[in-house]
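Student: attaching a predicted model along with its sequence, questions to come.
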Amino acid sequence: MKLTPLDIRKQEFKRVMRGYDTVEVDTFMDVIANEFEEVLKSQKEMRDRLVELDVQLKDYRQIEKTLQQTLLQAQETTGKTYETARKEAELIVREAEQKGARIVEQAHDEHARVKNEIIQLTSRKETLIQQLRVVLSAELDLLKSLELGTAEGLVTPSPVGTGKAAIDLDAIAKTLDHDTTSQAH
């Protein structure tokens, strides 16, 4: 039987000669004591449960705080990583541009060097052609002298002659002219 404060207030005891029936009062007091003991026990269990829930709540709040800190650190790390990657990309692009500029400059230098070499070789070729013309002309003069049998060609030998047999001067001249024309283009 569950007692309420109202039941306790309304409880009436029979009167006996010297007052209340002691057995009835004692029995009622035992029931009240039992009920009160159960209330106290229940209250203690509730307090224990409340303490347990408070501990869990503190743990959950600590976990939440840790998660927030971890999230902030992850965001900072992501931001730093992004910034580092962006700077690295800029550095790579800058280095590539510098390397490209060096390659272009080297190509220009090489082009100028080759062009200069072609000019020098063309000049050397023209000089060689002129020298060959002089030598061949001297040889032709010697040949004509020999064919005519003139004594003056035999008296003073040509210092430039080679002493070789017939040379096709027209073919040599055409080849040299052809080489000069093809290199100029």
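Tutor: Right, received. Where do you want to start?
Student: buried sites along stretch 24-41?
Tutor: 28, 35 (16 or more other CB atoms under 10 Å). Where you see a C-beta, it was placed from the backbone N, CA and C, and this is true even at glycine.
Student: same question for that stretch, mean pLDDT?
Tutor: In this model, stretch 24-41 has a mean pLDDT of 82.
Student: swap in stretch 127-142?
Tutor: Mean predicted lDDT for stretch 127-142 stands at 93.
Student: please state the offset of that stretch from the chain centre?
Tutor: 67 Å (CA atoms, centre = their mean, to the nearest Å).
Student: ok, now stretch 27-42?
Tutor: On CA atoms, centre = their mean, the centre of stretch 27-42 falls 78 Å from that of its chain.
Student: over to stretch 118-134?
Tutor: Computed by CA atoms, centre = their mean, the chain-centroid distance of stretch 118-134 equals 55 Å.
Student: with just CA atoms, put that stretch into PDB.
Tutor: Output in PDB follows, covering the C-alpha atoms of stretch 118-134 (Å, rounded to 0.1, in the frame of the first residue of the first chain):
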ATOM      1  CA  ILE A 118      77.100  29.900 -92.400                       C
ATOM      2  CA  ILE A 119      78.300  33.400 -93.300                       C
ATOM      3  CA  GLN A 120      81.900  32.400 -92.500                       C
ATOM      4  CA  LEU A 121      81.700  29.200 -94.500                       C
ATOM      5  CA  THR A 122      80.100  31.000 -97.500                       C
ATOM      6  CA  SER A 123      82.900  33.600 -97.400                       C
ATOM      7  CA  ARG A 124      85.500  30.800 -97.200                       C
ATOM      8  CA  LYS A 125      83.800  29.000-100.100                       C
ATOM      9  CA  GLU A 126      83.900  32.200-102.200                       C
ATOM     10  CA  THR A 127      87.500  32.700-101.300                       C
ATOM     11  CA  LEU A 128      88.300  29.100-102.200                       C
ATOM     12  CA  ILE A 129      86.400  29.500-105.500                       C
ATOM     13  CA  GLN A 130      88.300  32.600-106.300                       C
ATOM     14  CA  GLN A 131      91.600  30.900-105.500                       C
ATOM     15  CA  LEU A 132      90.600  27.800-107.600                       C
ATOM     16  CA  ARG A 133      89.600  30.100-110.500                       C
ATOM     17  CA  VAL A 134      93.100  31.700-110.300                       C
END
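Student: next, the buried residues of that stretch.
Tutor: So, applying 16+ other CB under 10 Å, buried residues of stretch 118-134: residue 129.
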